[in-house]
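Q: Starting from these lines, generate the structure:
(one chain, ligands or ions: 4)
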Amino acid sequence: AKENGRNGYQFYTEGMLDRELRRLELDKDLNKALAQDEFELHLQPQLDLTSGRVNSAEALIRWRHPDRGMIPPFEFIPLAEENGRITDIGRWVVDAACRQLAQWRNGPLSHLRIAINLSGRELDEDDLVDTIQRALSHHEVPASRLEVELTEEIFIQNIEHNRNQLMRLHELGVHLAIDDFGVGYSSLAYLRDFPVDLLKIDRSFITNVTERRDDATIARAVINLAHNLGVRVVAEGVETDAQLQFLRDNHCDLAQGYLISRPIQPLLLEQMLRDEGLL
Ligand code: C2E
Ligand code: CA
Ligand code: CA
Ligand code: CA
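A: Ligands and ions are numbered 1, 2, ... in the order given. Down below sits the predicted model:
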């Protein structure tokens, strides 16, 4: 984040320096965050449009920094990918999700599935599948309660390795969702060659789906394509009743977004689902 000045000196503008300092500080603090138990998993429910119930929720990580408050994932996940911490964070996420599922085992939320986000970098790790398998059996949770969300980047690099990893997860019974679908420049052939259970239509197509004909056309095409391949579809970023109606009219399977709920703490989710009769 620097430019060469006219006289050859390098200078930073104030904003760049602030950002750079914050990055360095966060990078340093990230090393302590796991040991100090500063991460939390928040859960955002997915509304099943056929049954009108909630059978699944996406886990989104939050970092409760002791001095800086809540830090959103876009600020530290990329850092963690660069410095390699992402592996430990990923293990923590897998364990926390399984722990949550185990806690729900005997209550009204025993049918709920949790979807965790994994970056391509995490899929690179050879022991990822073992890590997931161990966490599931340690917490005595059936693999079918767990889902992983991956973006189309996994179809572009390390394809053989990635396919192998995903086949192993699939054989365990873990569901596989393709996140941010439609913005990733990957070939559609991978929908045929990989064991995909769900497609998540990227929020950028949903935001204006009731105003822009192009977006509506794309959303409908994704839904039809997925259904013809036997794959279910989640719409992300649903914020209005009109969007929800569009998705219902076009037979989308699941809706997720602020209209239904923001990502919230598990206890609040339980309360909300009970209060609103969504179980
Ligand atoms: P994502 O997987 O695409 O997650 C969806 C993001 O959209 C979340 O942001 C969520 O809070 C937000 N969102 C949900 N509904 C709405 C809505 O109706 N409107 C709008 N404007 N936004 C909505 P969040 O939690 O800040 O996460 C950002 C990204 O960070 C995620 O994008 C995911 O790529 C990454 N991430 C989050 N948790 C993890 C994790 O545990 N591991 C890894 N590797 N990445 C994670
Ligand atoms: Ca996701
Ligand atoms: Ca997404
Ligand atoms: Ca995303």
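Q: Once you drop chain neighbours, what's closest to the residue sitting nearest the centre point of the chain?
A: Centroid-nearest residue in the chain: N117, 3.6 Å away (criterion: C-alpha atoms, centre = their mean). Nearest residue to N117, sequence neighbours excluded (C-beta to C-beta, 6 or more residues apart in numbering): E149, at 4.9 Å. From N, CA and C alone the C-beta is placed, and that goes for glycine too.
Q: gap between the residue nearest to the centre of the chain and ligand 3?
A: 8 Å (C-beta to the ion, to the nearest Å).
Q: Contacts only, for that residue.
A: Counting by C-beta atoms under 8 Å, 6 or more residues apart in numbering, N117 touches 58-61, 93, 148-149, 179.
Q: just checking: which of these also lie near ligand 3?
A: Restricting those to those touching ligand 3 (C-beta under 5 Å from the ion) yields D179.
Q: just the contacts of N117 now: which is nearest L26?
A: The closest of those to L26 turns out to be I61 (C-beta to C-beta; 14.1 Å).
Q: Could you give me the buried positions within the helix or strand harbouring the closest one?
A: For I61, the element it lies in under DSSP states H and E is strand 54-65. Burial within strand 54-65, assessed by neighbour count using 16 or more other C-beta atoms under 10 Å, is assigned to 54-63, 65.
Q: okay, among these, which ones form the most distant pair?
A: N55 and H65 (33.0 Å).
Q: How confident was the prediction at the residue nearest to the centre of the chain?
A: Note for N117: predicted pLDDT of 98.
Q: and the gap between it and A96?
A: 12 Å (C-beta to C-beta, to the nearest Å).
Q: which residues do the two both contact?
A: Taking C-beta under 8 Å, 6+ apart as the contact rule, N117 and A96 both touch A59.
Q: Neighbours of the residue lying closest to I159 once chain neighbours are set aside, how many?
A: What sits nearest to I159 in space, not counting adjacent residues and going by C-beta to C-beta, 6+ apart, is Y190, at 8.0 Å. The number of residues packed near Y190 is 17, by other C-beta atoms under 10 Å.
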